[in-house]
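**Q** Requesting a structural model of the entry that follows:
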Amino acid sequence: MTTPKDQMRAAFTAQADSYVNSAVIAADEARRAFVQFVGPRASDRVLDVATGPGFLALLFAPSVAEVVGVDLTPAMVARAEADRLAQRAANVRIQEGDAEALPFPDAHFDIITCGSAFHHFGAPARVLSEMVRVARPGGRVALIDIITSQDVERAALHNRLERERDPSHVRSLSLNELVALFAVAGLRDVRTHQYGTPRELGEWFAISRTPPDVSEQIRAAFIASIPGDRTGLGVHLEGAHVCFTHTFAWVVGTKR
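**A** Below is the predicted model:
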């Protein structure tokens, strides 16, 4: 039986090149702003969970003492390690690891981050619990992710179309759901920030290498959703292009 982890490995092995080379995914300016939002200190040890090609890990590196990036997919670990070597980031270590069972002792890191991966997790509460476990008291747990509408019907359609485009997508959460997860995990002083990122279907499909027949079905569903904004994504036409907006959230909390 194929599990969400199997689907994630397969998807990100296939997408390794397109994912790494996407300026929208890299989102360098937004990720740099996220680093400042988290507020690293020179003495901090950072763990980046589901690091992918190491975008966040490498951005934290100049500001902290040590960064460890872990990812489930060997192809992504290899890409992150190649970039680490290219940037000569001596204080960064990249390794394979499961977000649901992090291979580190309790209270080991000052900052634990996760960038654009929570919507791929079958058990996001378990992942967050692991992130909190390895955080030191007073440490910060922080994530970036696509969020969905607070409206149940809009969220359901949004997530269905995301899964059709990329089967490794499990479910984007709303901002309220993410904040509630942080509260249940015992994190305090939770801070949030939201912003929109314009997307276009062709660019979006290219990253996931969605087959043409599936792409056409999703395109038709996106166009059909325009009246009443049924996806909550602000879908609209710009000439022949189908455009929409992904809303991202930053959520940062402190371990008691």
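**Q** Show me where the chain has its helices.
**A** Under the criterion DSSP state H, the chain contains helices at 4-14, 16-20, 23-26, 28-38, 55-60, 74-87, 124-133, 152-165, 175-184, 201-208, 212-224.
**Q** Distance to A101 added to those, as JSON lines?
**A** Placement of C-beta: from N, CA and C, glycine included. Output for those, formatted as JSON lines (distance: least, CB to CB, whole Å):
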{"stretch": "helix 4-14", "distance to A101": "11"}
{"stretch": "helix 16-20", "distance to A101": "23"}
{"stretch": "helix 23-26", "distance to A101": "26"}
{"stretch": "helix 28-38", "distance to A101": "24"}
{"stretch": "helix 55-60", "distance to A101": "20"}
{"stretch": "helix 74-87", "distance to A101": "16"}
{"stretch": "helix 124-133", "distance to A101": "7"}
{"stretch": "helix 152-165", "distance to A101": "25"}
{"stretch": "helix 175-184", "distance to A101": "18"}
{"stretch": "helix 201-208", "distance to A101": "27"}
{"stretch": "helix 212-224", "distance to A101": "33"}
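**Q** how about the residue nearest the centre of the chain, phi and psi?
**A** A centroid search over the chain (CA atoms, centre = their mean) returns S116, at 0.9 Å, as the residue closest to the centre. Main-chain dihedrals, S116, degrees, to the nearest 10: phi 60, psi 40.
**Q** From A240, how far off is it?
**A** Separation of S116 from A240 (CB to CB, to the nearest Å): 28 Å.
**Q** pLDDT weak spots in this protein?
**A** 1, 4, 11-14, 16-21, 23, 26 (pLDDT under 70).
**Q** What about S129, how many residues nearby?
**A** 15 (other CB atoms under 10 Å).
**Q** next one: A249
**A** By other CB under 10 Å, neighbour count at A249 equals 20.
**Q** I figured it hits T148, correct?
**A** No. Using CB atoms under 8 Å as the test, A249 is too far from T148 to be in contact (10.1 Å).
**Q** Show me the common contact partners of the two, please.
**A** Counting by CB atoms under 8 Å, 6 or more residues apart in numbering, A249 and T148 have no contacts in common.
**Q** quick one: the nearest residue to A99 once chain neighbours are set aside from T2, how far?
**A** Spatial nearest neighbour of A99, excluding adjacent residues (CB to CB, 6 or more residues apart in numbering): V127 at 4.6 Å. Separation of V127 from T2 (CB to CB) stands at 19 Å.
**Q** Good, we can wrap up now.
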